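>>> Just a sequence and a predicted model for now, questions to come.
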Amino acid sequence: MAEEPKRIYIADDDDEIRQVVSTFLASDGYEVEDFPTGDLLFERFAQEPCDLVILDVMMPGSDGFKICTELRKISTVPIIMLTARDSENDYAMGLGLGSDDYITKPFSAMALLMRVRAIFRRIVYESQKHSAEEPTSVSVGGLELDEASRHIVHEGKPLALTPTEYEVLKYLMLRKGQAVSRDELLNAVWGFDTAVETRATDDTVRRLRQKIGGCNVTIAAVWGFGFRLEED
């Protein structure tokens, strides 16, 4: 039985960009719905979730950062931010709010497609790996990793992690006590290195530190290198 195509929602107030991106993604086999505002995308998502969201930042009504925040309250769907703003603060804000990737305009449709493919490829790879191997359960401090369910649990409750946050924390848990470089994380989690600044790892780790604040573990910085997960 053929797998149903992945559904992607895109919100951008630029009609031409929506049309080009939608057409390009649809030609690659994705089912695409586009919206002129983030508010309309969010209303649609609340009715019927999709597999990936692409959000412009500057839009009428709620901006992309606000929509990203609202989506993260109800879902861990992968989110890619599109924006003409390329300052470090905007980049950090997008990743800090829980987006999985951030692309500045102008960009090529092929570059965006490669990012989309990379996200779905990682999800498929993890799913296939879990079905081919025995489920792995790892305990570090007060955290329990259950790869079969793709949950990291603390005191009986799964942590509310985005797919990227889950992969980063899992990677560190499986290597507890070991120093892991930023480049290693970029390759293992995002699937590429130079295409994404190392700022992505720093902001993801910052969010994780907040979410595991009540646990008996710490993500320690290894100066000039990367990170190490330690039991308190």
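Received, thanks.
>>> element containing Val32?
Using DSSP states H and E, Val32 sits within strand 31-35.
>>> With Ala46 instead?
helix 38-47.
>>> Then Arg207?
In the assignment (DSSP H and E), Arg207 maps to helix 199-211.
>>> helices or strands up against that helix?
With contacts defined as 3 or more CB pairs under 8 Å, 6 or more residues apart in numbering; DSSP states H and E, helix 199-211 has these neighbours: helix 88-96, helix 163-173, helix 182-185, strand 217-222, strand 226-231. No exception for glycine: its C-beta is placed from N, CA and C like everyone else's.
>>> I'd like these written out as CSV, with mean pLDDT and mean neighbour count added.
Shown next, in CSV, are the helices and strands packed on helix 199-211 (pLDDT from 0 to 100; neighbours: other CB atoms under 10 Å):
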stretch, mean pLDDT, mean neighbour count
helix 88-96, 63, 18
helix 163-173, 87, 21
helix 182-185, 84, 18
strand 217-222, 90, 15
strand 226-231, 90, 20
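>>> Quick check: closest non-adjacent residue to Phe45.
Take Phe45 and drop its neighbours on the chain: the residue closest to it by CB to CB, 6 or more residues apart in numbering is Tyr9, 6.3 Å away.
>>> Is it correct that the one you found is in contact with Cys50?
Yes - contact criterion CB atoms under 8 Å: Tyr9 and Cys50 qualify, at 4.7 Å.
>>> tell me, what residue is most central in this structure?
Taking CA atoms, centre = their mean as the criterion, Asp100 is the residue nearest the geometric centre of the chain, at 2.8 Å.
>>> Would you mind giving the domain segments of the chain?
Following automatic domain parsing, the chain resolves into domains at 7-123, 134-231.
>>> Of the ones you listed, flag the one that's most buried.
domain 7-123 (a mean of 18; mean count of other CB atoms under 10 Å).
>>> How about Pro36: what's its closest non-neighbour residue?
Asp13 (5.4 Å).
>>> now swap in Val138 and tell me
Leu145 (4.2 Å).
>>> Identify the bridge partners of that neighbour.
Val138, Ile152 (DSSP bridges).
>>> dump the residue contacts of it.
By CB atoms under 8 Å, 6 or more residues apart in numbering, Leu145 lies in contact with Thr136, Ser137, Val138, Ser139, Ile152, Lys170, Met173, Leu174.
>>> any chance of those residues in JSON lines, with distance to Lys66 too?
Output for the contacts of Leu145, formatted as JSON lines (distance: CB to CB, whole Å):
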{"residue": "Thr136", "distance to Lys66": "37"}
{"residue": "Ser137", "distance to Lys66": "38"}
{"residue": "Val138", "distance to Lys66": "36"}
{"residue": "Ser139", "distance to Lys66": "37"}
{"residue": "Ile152", "distance to Lys66": "27"}
{"residue": "Lys170", "distance to Lys66": "29"}
{"residue": "Met173", "distance to Lys66": "32"}
{"residue": "Leu174", "distance to Lys66": "35"}
